[in-house]
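Asker: Build me a model from this:
(one chain, ligands or ions: 1)
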Amino acid sequence: VASPNGVLDLVNSSISLRVMRQRDLPFADTVRALAGWNQTLNDWRRFLAMEPDGCYVAEWNGQPAGTATIIAYGAAVAWIGMVLVHPDYRRRGVGTALLKRCIEHLRERGVRSIKLDATPAGKQVYDGLGFKDEWTLARWEGRSRRPQPAGREGSIRDWRESDALLVDRLDTAAFGVSRLRLLRALAPQSHPALVFQTARARVDGYGFVRKGARAWYLGPISATSTEVGLSLVETLVSRCEGQMIYWDIPDANRPAVEWARQSGFALQRPLIRMYLGENSAPSDAHKQFALAGPEVG
Ligand SMILES: CC(C)(COP(=O)(O)OP(=O)(O)OC[C@H]1O[C@@H](n2cnc3c(N)ncnc32)[C@H](O)[C@@H]1OP(=O)(O)O)[C@@H](O)C(=O)NCCC(=O)NCCS
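Answerer: Purely as a prediction, here's the structure:
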């Protein structure tokens with residue numbers, strides 16, 4: 001390999017990248033399970049359905065070795081997720097090659113800000129690619145044992161298909177850009193999916209729970225106020241009676257963190273939100289009571 005850095009290129013010459021297809025899902029879900037992550041085949045199918053040409057498999061000498069997915073929220077922001085390298089193929093540049101391919105793909109599409117939520121292991125790779133830290137968050141885990149809350153429950157009702165449009169504005173204020181496409185895809189996979197509706201039929205918040213491989217996943221939850229956000233959290237958690245729940249909370253949302261602590265949730269691991277390019281559409285952590293998932297924002 002002709003290059004000033006011959007050794008590195010010799011190593012890299014063993015890596016090839018290709019677009020992920022349905023037939024790759026058994027491999028993808030195997031690396032997911034090896035990393036102890038919580039996503040399911042339904043999640044993988046959703047990634048492929050939403051970005052059929054934007055999810056990748058890396059091969060090492062022809063053997064599948066790693067995965068990465070993207071999801072674009074218009075031209076302003078896109079997310080990279082599911083960056084997973086099989087333990088047998090780590091520290092050979094596979095993770096870096098996957099990231100570079102995703103970045104190239106998104107830049108070709110004119111995306112201005114590329115974001116991701118990094119594990120401490122992932123951050124080692126992303127720092128080297130120029131990603132900057134935005135804010136910190138954490139994965140919390142706990143078992144639902146709260147009794148059904150009294151009080152505001154009357155304002156909370158089941159999600160209807162038409163709610164995606166009603167919550168788009170408040171979710172955009174919380175997340176930074178519209179996630180309409182994601183919410184429409186996630187809602188049918190979420191049980192329960194709830195909205196908080198005021199007396200004047202205005203929707204001030206929504207929240208979902210979906211089943212994961214290891215635990216139920218609480219999120220996304222966005223709301224216009226702390227009161228609405230926490231009442232959605234309380235109701236959703238109470239509806240998961242007896243189940244183990246994973247919940248990703250921005251550290252800056254102090255009331256949500258405090259609620260988790262007081263309700264017996266334990267800190268599982270820290271994560272860090274990072275961005276590449278400009279950060280013209282930052283999210284408002286005070287309005288986000290739960291992420292949709294570190295792999296999608
Ligand atoms: C994080 C992960 C994807 C890295 O994949 P990888 O193919 O091993 O990464 P690379 O070989 O491209 O590493 C690139 C650089 O990142 C750094 N790096 C990667 N893993 C590291 C580790 N465990 N400790 C310290 N530095 C590390 C090194 O600087 C490395 O370059 P070097 O090997 O020349 O020193 C892989 O470890 C993994 O799948 N982990 C479990 C899942 C996970 O946390 N994914 C990230 C989600 S945000």
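
Asker: Could you use CA atoms for every contact and neighbour count after this?
Answerer: Noted.

Asker: The ligand contacts on the chain?
Answerer: Proximity of the chain to the ligand, by C-alpha under 6 Å from any ligand atom, involves residues 35, 83-85, 90-96, 117-119, 121-122, 124-125.

Asker: In helices, which of those residues appear?
Answerer: 94-96, 121-122, 124-125 (DSSP state H).

Asker: are any of those buried, and which?
Answerer: Applying 16 or more other C-alpha atoms under 10 Å to these, the neighbour count classes 94-96, 122, 125 as buried.

Asker: Taking the residues you listed together, which two end up most distant?
Answerer: Greatest spatial distance in those: Val94 and Gly122, 12.1 Å, computed using C-alpha to C-alpha.

Asker: quick one on the thing from earlier: could you dump the buried ones among the ones in helices among the residues of the chain next to the ligand to TSV with pLDDT?
Answerer: Listed next are those as TSV, based on pLDDT from 0 to 100:
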residue	pLDDT
Val94	97
Gly95	97
Thr96	97
Gly122	94
Val125	94
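
Asker: Now do the contacts for Ser225.
Answerer: Residues counted as contacts of Ser225 (C-alpha atoms under 8 Å, 6 or more residues apart in numbering) are 204, 287.

Asker: Which pLDDT does the model give it?
Answerer: We note a pLDDT of 96 for Ser225 in this prediction.

Asker: Relative to Ala173, how far out is it?
Answerer: 12 Å (C-alpha to C-alpha, to the nearest Å).

Asker: Between those two, which contacts overlap?
Answerer: With contacts taken as C-alpha under 8 Å, 6+ apart, the residues that reach both Ser225 and Ala173 are Lys287.

Asker: Just put the ones in helices among the residues of the chain next to the ligand in a markdown table and tack on distance to Thr69.
Answerer: Shown next, in a markdown table, are these (distance: C-alpha to C-alpha, whole Å):
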| residue | distance to Thr69 |
| --- | --- |
| Val94 | 14 |
| Gly95 | 12 |
| Thr96 | 14 |
| Ala121 | 17 |
| Gly122 | 14 |
| Gln124 | 19 |
| Val125 | 16 |
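
Asker: for the residues you listed, which one is nearest Ser178?
Answerer: Closest approach to Ser178 among these (C-alpha to C-alpha): Gly122, at 26.1 Å.

Asker: give me every residue that touches the nearest residue to that closest one once chain neighbours are set aside.
Answerer: Spatially, and ignoring its direct neighbours in sequence, Gly122 is nearest to Val83 (7.9 Å; C-alpha to C-alpha, 6 or more residues apart in numbering). Neighbour list for Val83: 66-69, 95, 98-99, 122 [criterion: C-alpha under 8 Å, 6+ apart].

Asker: of all those, which two lie farthest apart?
Answerer: Largest separation among these by C-alpha to C-alpha: Thr69 and Gly122, giving 14.2 Å.

Asker: Please give the number of neighbouring residues around Ala78.
Answerer: As a burial measure, Ala78 scores 24 neighbours (other C-alpha atoms under 10 Å).

Asker: Next one, pLDDT for the closest residue to it other than its chain neighbours please.
Answerer: Sequence neighbours aside, Ala72 is the residue nearest to Ala78 in space, at 4.0 Å (criterion: C-alpha to C-alpha, 6+ apart). You'll see Ala72 listed with a pLDDT of 97.

Asker: dump the residue contacts of Ala72.
Answerer: Contacts for Ala72 (C-alpha under 8 Å, 6+ apart) come out as 78-79, 106, 111.

Asker: Now name the helix or strand holding it.
Answerer: Element membership for Ala72, per DSSP states H and E: strand 63-73.

Asker: Repeat that for Leu232.
Answerer: Using DSSP H and E, Leu232 falls within helix 226-238.

Asker: now Trp79
Answerer: Trp79 belongs to strand 77-85, assigned by DSSP H and E.

Asker: What strands flank that strand, and is each parallel or antiparallel?
Answerer: Strand 77-85 sits in its sheet next to strand 63-73 (antiparallel), strand 113-118 (parallel), going by DSSP bridges.

Asker: Assign a three-state SS to the residue nearest to Pro250 when sequence neighbours are not counted, would you?
Answerer: In space, and not counting its chain neighbours, Pro250 is closest to Leu137: 4.1 Å by C-alpha to C-alpha, 6+ apart. When classified by DSSP: H, G, I helix; E, B strand; the rest coil, Leu137 comes out as strand.
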